[in-house]
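Undergrad: how would this look folded up:
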Amino acid sequence: MTILNRQRRRRISAPGLRSILELAAAMQDVQDLEMTLVLGGDRLLGSLNARFRRSAYPTDVLAFVAEGNNEPGDVVINVEAAARQARQRGHSLRSELAVLAIHGLLHLLGHDHETDGGRMRRLETRIRRRLLLERPNVGRRRVKNRACSVP
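TA: All right, here's what the predicted structure looks like:
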């Protein structure tokens, strides 16, 4: 797994995110996870969201599924959006980044919450609970910038 930090506003623990993703992947029977996690900001995610989803705002996470090779793909997280969401939801940036990374990973593994009748959300909840990553206020307060996609 490769982690690329393309933002400089916040200090991020790459080893911590790597561990969370490896544990989440193992829970899905995925060993030797080969993916790239990119940490960016509003500008990067706004540009990618406009280009691949034709949406004119900086989303919080995007997943790019690889086609035709052995790697699942890339997950790009907006650290600025994650910080805003963590503040709004009353938990740490570390926790929000972990949740977004897991969300992106599940998209890479073929899950789609927009079409699966809630299966992906239930799976995310089980993984978060097993990893002791709870998300206060989810479901009680919607956050405007909570879009994601698999371009």
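
Undergrad: For the strand or helix carrying L39, what does the pLDDT average out to?
TA: Element membership for L39 (DSSP states H and E) is strand 35-40. Average pLDDT, strand 35-40: 97.

Undergrad: What segments of the protein are strands?
TA: Using DSSP state E, the strands found in the chain span residues 2-5, 35-40, 61-65, 73-78, 148-149.

Undergrad: What residues does R130 make contact with?
TA: M27 (C-beta atoms under 8 Å, 6 or more residues apart in numbering). Backbone N, C-alpha and C define where each C-beta goes, glycine included.

Undergrad: sorry, back to before: which of the strands of the chain is buried the deepest?
TA: Ranked by mean neighbour count, the strands of the chain are led by strand 73-78 with a mean of 24 (mean count of other C-beta atoms under 10 Å).

Undergrad: quick revisit: let me have the strands of the chain in CSV, extended by distance to Q28.
TA: Formatted as CSV, those follow (distance: least, C-beta to C-beta, whole Å):
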stretch, distance to Q28
strand 2-5, 19
strand 35-40, 13
strand 61-65, 14
strand 73-78, 14
strand 148-149, 18
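
Undergrad: can you tell me which of these comes nearest to G104?
TA: For the strands of the chain, the distance to G104 is smallest for strand 73-78, at 3.2 Å, taking C-beta to C-beta.

Undergrad: Kindly list the main-chain dihedrals of P58?
TA: phi -80, psi 110 (degrees, to the nearest 10).

Undergrad: From L37, how far out is the residue nearest to R43 when sequence neighbours are not counted?
TA: Take R43 and drop its neighbours on the chain: the residue closest to it by C-beta to C-beta, 6 or more residues apart in numbering is P58, 7.2 Å away. According to C-beta to C-beta, to the nearest Å, P58 and L37 sit 17 Å apart.

Undergrad: Count the residues that sit near L123.
TA: Counted by other C-beta atoms under 10 Å, the residues lying close to L123 total 19.

Undergrad: That one touches G110, doesn't it?
TA: No. Counting by C-beta atoms under 8 Å, L123 does not reach G110; the two are 11.3 Å apart.

Undergrad: List the pairing partners of the strand holding L39 within its sheet, with orientation.
TA: When sheet partners are counted by DSSP bridges, strand 35-40 sits next to strand 2-5 (parallel), strand 73-78 (parallel).
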